[in-house]
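**Q** the sequence and its predicted three-dimensional model are supplied below.
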Amino acid sequence: MTAQVLPLAIAMLAVAMLLTLWRLLRGPGIPDRILALDTLYINALALLVLLGIQFRTALLFETALIIAMLGFVGTVAMSKYLLRGDIVE
């Protein structure tokens, strides 16, 4: 069962990432692009987790954790800059 579902889920995530990349490049405003970038890194996390399950390696899970931390900090920093014009108060 897992052998049938994982490739389908990976393909669906790849399509979602392409659509998100399109929104990132074509977004009408800066907030839309920040949201698209946030969604893109969340999709990348999900893809890494699925690939870790498929290849049975823990290295991809650790990579996903690092990307999650960096993505969260990056999203907060970009949002703060957009709202206040400065990141550090």
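**A** Nice, I can see it. Predicted model only: the values in this text are computed from it and were never measured.

**Q** let me know the next secondary structure element after the helix or strand where Ala16 lies.
**A** Assigned by DSSP states H and E, Ala16 falls within helix 2-26. Using DSSP H and E, the helix or strand that follows helix 2-26 towards the C-terminus is helix 30-55.

**Q** after that following helix, next one along is what?
**A** Helix 30-55 is succeeded, C-terminally, by helix 59-84 (DSSP H and E).

**Q** against which helices or strands is that next one packed?
**A** Using 3 or more C-beta pairs under 8 Å, 6 or more residues apart in numbering; DSSP states H and E as the contact test, the elements touching helix 59-84 are helix 30-55. C-betas here are computed from N, CA, C, even on glycine.

**Q** quick one: low-confidence parts of the protein?
**A** For the chain, applying pLDDT under 70 flags the ranges 1-2, 89.

**Q** rerun that using 80 as the cut-off
**A** The model of the chain has pLDDT under 80 over residues 1-3, 86-89.

**Q** need the contact list for the residue nearest the centre of the chain.
**A** When the chain is reduced to its mean C-alpha position, the nearest residue by C-alpha atoms, centre = their mean turns out to be Tyr41, at 1.3 Å. Contact analysis of Tyr41 by C-beta atoms under 8 Å, 6 or more residues apart in numbering lists Ile67, Ala68, Gly71, Gly74, Thr75.
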